[in-house]
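> Pasted the sequence and its predicted model underneath.
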Amino acid sequence: MTIRINLRKIKEIIDNWWAPIVLLFLILLYGRDFVRWASLASIDTYTKYFNHPQTFDSQTTGQIGDTLGGTTAPYIGLTAIFITFVAFWVQFRANKQVQKQFAMQQFESQFYEMLRLHRLNVSEMKISGYEVLVSRTEETTDNNKKKSVTRSQSSKRTEGHKVFVTMSTELKCCYEFLEKYQADLGTNYAKKDLLGLAYRIFFFGSSSELISSARIDNSFIEHCQRELRKVRIAHKTSFSQNNVYPGLNKDIKLYIKYSPFTGHESRLGHYYRHLYSSVKFVVEKEKTGLFDYQKARDYLKLLRVQMSNDEQLMLYYNYSIGFGSDWEKREFLTKYRMLHNLPVNKVRYAEDPREHFAAFIKSNKTKKEDNLFEWGDYEA
């Protein structure tokens, strides 16, 4: 027969009832000696002052009752003290529980409001684009047919979760353009630095003055800005029909329906700030003891399931190039699994997530049911 010890339950009992347990332990440890001392003191006093009377004398033997009362009174007193203390302790715990329930109600009210705002942020995310409508008319003159083609621009929006799909495509193409420009100029910048520059161009826009890099020369950056401006003009004037460009080893397929490399700072800046604040809010409440780590994971899971795979992909890019470095300083990505649904096989040009978080994965290897990534922590 196997006896299973629930350490979590034992810890909960100790946390809630430590004071009565300590008091009871002291009573059991020292109570017997105290009662024994009190009893011997009473008997000694009686024998000392009344000399063992041989006949019944109410004036002297009446003190026997006092002796018995003095002997049993400590037991009764100690029991009363313990029961009274337990009563006060139960009331104290009840008051603490009411306060905790009120704090939980406040927390959940704010958390679900932040969850609602997150969904609202995503639903309101829009990129105005373009598409081509082609109408054909035929005119016949003296048995000759004349064809005329009319092109018109009609605005098309990319909205909601689809925005992140096109963003990941745009960022990937931006890196591939920079990779080609590096080959054309014969430079040899590190892959990580090139991705960092690509992300800055993607985030701020190719015309922004905020684009810089400590490891890449300004001349190369300016060359990339000029070339990407040409790509943007060609893409826009063809209403995205001109969307395949020669790359380094393969074609660059810029399959988006809006003007590329114009920046997404106004969309992503607010989005990431709110997302980070939501995670931080939950973790800080867990640190105060309002709920335990597993409960914090449950709340963050509710937030994470609102995010599409491409949202998590863009979050990883944002973190890996340094913009979102604070995410892992507090272990939001690993310990709290905010990248759990990251499609690891879709990551391009950034460090493989399994390799990047290899130290954490190794330390977590015994917890097979709690992988860092939904797709598995090790390649099949």
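Yep, it's here.

> Ser212 and Thr262, how far apart?
From Ser212 across to Thr262, the span is 18 Å (CB to CB, to the nearest Å). The way it works is simple: take the backbone N, C-alpha and C, and place the C-beta from them, glycine included.

> the more surrounded of the two?
Neighbour count, other CB atoms under 10 Å: between Ser212 and Thr262, Thr262 has more, with 16 against 12.

> Apart from its neighbours in sequence, what residue is nearest the more buried one?
Closest residue in space to Thr262, ignoring its immediate chain neighbours: Gly205 at 5.0 Å, by CB to CB, 6 or more residues apart in numbering.

> Let me know whether the one you found touches Gly263 as I believe.
Yes: contact criterion CB atoms under 8 Å: Gly205 and Gly263 qualify, at 2.9 Å.

> how close does Glu351 sit to Thr237?
Here the distance between Glu351 and Thr237 works out to 37 Å (CB to CB).

> With neighbour numbers in mind, choose between the two.
The residue with more neighbours, out of Glu351 and Thr237, is Glu351; 14 against 10, by other CB under 10 Å.

> Just the local confidence number for the more buried one, please.
For Glu351, the model assigns a pLDDT of 95.

> same deal with Leu78?
Looking at Leu78, its pLDDT stands at 68.

> Same question for Thr141.
So, for Thr141, pLDDT stands at 55.

> can you list the weak-confidence ranges in the protein?
By pLDDT under 70, the low-scoring segments of the chain are 1-76, 78, 89, 131-155, 365-368, 380.

> any idea how far His118 lies from Tyr272?
Look at His118 and Tyr272: by CB to CB, they are 11 Å apart.

> That should have said Gln294, apologies.
For Gln294, the distance to Tyr272 (CB to CB) stands at 26 Å.

> more neighbours, those two?
A count of neighbours by other CB under 10 Å puts Tyr272 above the other of Gln294 and Tyr272, at 18 against 9.

> so what's the residue nearest to Asn309 when sequence neighbours are not counted up against?
Distance criterion CB to CB, 6+ apart; nearest residue to Asn309, sequence neighbours excluded, is Pro343 at 4.7 Å. With contact taken as CB atoms under 8 Å, 6 or more residues apart in numbering, Pro343 is in contact with Asn309, Gln312, Leu313, Trp375.

> pretty sure the last one contacts His340?
So the one you mean is Trp375. No: counting by CB under 8 Å, Trp375 stays clear of His340, with 9.4 Å between them.

> show me the contacts for Ser208.
For Ser208, the contact set (CB under 8 Å, 6+ apart) comprises Ile201, Gly263.

> can we see that at 6 Å?
By CB atoms under 6 Å, 6 or more residues apart in numbering, the contact set of Ser208 is empty.

> for the one 5 residues further on, same thing?
The neighbourhood of Ser213, defined by CB under 6 Å, 6+ apart, consists of Leu197.

> Kindly report the same for Asp370.
No contacts exist for Asp370 under CB under 6 Å, 6+ apart.

> swap the cut-off to 10 Å and go again
Neighbouring residues of Asp370 by CB atoms under 10 Å, 6 or more residues apart in numbering: Arg297, Arg337, His340, Asn364, Asp377.

> same thing with Leu248?
By CB under 10 Å, 6+ apart, the contact list for Leu248 reads Glu176, Phe177, Leu178, Glu179, Lys180, Tyr181, Gln182, Ala183, Asp184.

> mind checking how far it is from Ser168?
The value you get for Leu248 to Ser168, if CB to CB is used, is 19 Å.

> repeat for Asn242
21 Å.

> Neighbour count: these two, which is higher?
Comparing Asn242 with Ser168 by other CB under 10 Å, the one with more neighbours is Ser168, at 21 against 14.

> host element of the more buried one?
helix 162-185 (DSSP states H and E).

> For that helix, buried residues please.
Along helix 162-185, these residues count as buried under the neighbour rule (16 or more other CB atoms under 10 Å): 163-182.

> Can you name every helix or strand that that helix contacts?
When contacts are defined as 3 or more CB pairs under 10 Å, 6 or more residues apart in numbering; DSSP states H and E, helix 162-185 packs onto strand 126-141, strand 144-159, helix 191-204, helix 218-237, strand 244-246, strand 251-253, helix 265-287, helix 309-320.

> closest one to Leu303 among these?
Closest approach to Leu303 among the helices and strands packed on helix 162-185 (CB to CB): helix 265-287, 5.8 Å.

> Distance from the closest one to the middle of the chain?
Chain-centre distance of helix 265-287: 9 Å, with CA atoms, centre = their mean, to the nearest Å.

> next structured bit after it?
By DSSP H and E, the next helix or strand past helix 265-287 is helix 293-304.

> So what's the gap between that following helix and the chain middle?
8 Å.

> likewise stretch 334-347?
For stretch 334-347, the distance to the chain centre is 11 Å (CA atoms, centre = their mean).

> Kindly report the same for stretch 190-203.
Taking CA atoms, centre = their mean, one finds stretch 190-203 lying 25 Å from the centre of the chain it belongs to.

> which of the residues in it are buried?
Neighbour-count burial for stretch 190-203, with 16+ other CB under 10 Å as criterion, is recorded at Leu194, Leu195, Gly196, Leu197, Ala198, Tyr199, Arg200, Ile201, Phe202, Phe203.
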